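> Requesting a structural model of the entry that follows:
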Amino acid sequence: MAALHWGQTAPDPDTLMLHCTLARHESLLPLARAAGLRAVLPDLLGHGRSPAWDGQGDYQTANLDAILPMMDRPMHVIGHSFGGTVALRLAVTRPDLVTRLTLIEPVFFALANGTPAGAQHAAIFGPIYDAVAAGDPDRAAQLFHAAYGMGQWDKLPQRTRMAMAAGMPLVIASAPAIQDDIHGVAARLPEITVPVTLIGGSDSQPVVTEIHKALAQIMPQANAHVIAGAGHMATLTHPDRVAALI
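Residues are numbered from 1 along each chain as shown. You can find the predicted model right below:
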């Protein structure tokens, strides 16, 4: 099993922080520092300085398997976007290792299937999948950034645009777990009994609101919060506000 590259904010960490797709662990450092967390922050497979995903099996599972050796004790697990879905999977798979969950816009799209927000999400992602299938990852990355990124695409550094385009196959590889729920996580969510904090932005995609609503209904111990003026990348745009909620 490939070992993940990681950073940490202090010795003896008691918090695990999992970043979003197409980012790296440094994207969560402003939040970790604002909240004063003793955190370990891995780069997910295919991100940052971690090894590439070998394409075998399921991408979410590969990340879960790579994270588990880093947890030598129960931890507060904080996950953003795709990282939030890994955090949920961890909580139902190894509840003995999770003391608390903080989920920042977890993109567990399966919870919104059959809703208008879910249909809108499908309409947004359809052209992204089509662009990847057509061999146009640049177009796919631009569409993905428009829905879930931060700032204008043409003002991003070229190296950032290139890295996002190169990572688009990982967005597609995430779909079986988060869109189709192939691991049956939704049915096991009532098993989660630790405190759960949900944090979203008022300007995020409607599907995120629907996901948070579903999670709060399934897990009555969950506390949901909305940061006014924030979007999907509140961890970078509003780290102090997110830190205060944590």
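
> you'd agree Val226 is in a helix?
No - counting by DSSP: H, G, I helix; E, B strand; the rest coil, Val226 is located in no helix; its state is strand.

> Now do the strands in the chain.
For the chain, applying DSSP state E gives strands covering 6-8, 15-18, 39-42, 75-80, 98-104, 196-201, 222-227.

> With distance to Gly135 as added columns, please give those in CSV.
Yep, even glycine has a C-beta here, placed from its N, CA and C like the rest. Below are the strands of the chain laid out as CSV (distance: least, C-beta to C-beta, whole Å):
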stretch, distance to Gly135
strand 6-8, 33
strand 15-18, 30
strand 39-42, 31
strand 75-80, 29
strand 98-104, 33
strand 196-201, 33
strand 222-227, 38
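
> and Met164, which of those strands is closest to it?
strand 75-80 (16.1 Å; C-beta to C-beta).

> chain center to that closest one, what's the gap?
Per C-alpha atoms, centre = their mean, to the nearest Å, the displacement of strand 75-80 from the mean C-alpha position of its chain is 10 Å.

> Would you list the strands that that strand pairs with, along with their directions?
Strand pairing for strand 75-80, determined by DSSP bridges: strand 15-18 (parallel), strand 98-104 (parallel).

> which one of those strands lies closest to Ala147?
Nearest of these to Ala147, taken as C-beta to C-beta: strand 98-104 at 16.4 Å.

> Okay, buried residues for that closest one please.
Going by neighbour count (16 or more other C-beta atoms under 10 Å), the buried part of strand 98-104 is Val98, Arg100, Leu101, Thr102, Leu103, Ile104.

> farthest pair in these?
So, those by C-beta to C-beta: farthest apart are Val98 and Ile104, at 15.8 Å.

> list the buried ones in the helix ranked longest in the chain?
The longest helix of the chain (DSSP state H) is helix 158-178. Neighbour-count burial for helix 158-178 flags 160-161, 163-165, 167-175, 177-178 (criterion: 16+ other C-beta under 10 Å).

> Stretch 132-140 too?
Quick answer for stretch 132-140 (16+ other C-beta under 10 Å): Val132, Pro137, Arg139, Ala140.

> and if you look at stretch 22-30?
Quick answer for stretch 22-30 (16+ other C-beta under 10 Å): Leu22, Ala23, Arg24, His25, Ser27, Leu28, Leu29, Pro30.

> List the contacts of Met168.
Leu22, Ile128, Val132, Pro137, Ala140, Ala141, Phe144 (C-beta atoms under 8 Å, 6 or more residues apart in numbering).

> Closest one to Glu191 out of these, please.
Among the contacts of Met168, and counting by C-beta to C-beta, the member closest to Glu191 is Leu22, at 30.3 Å.
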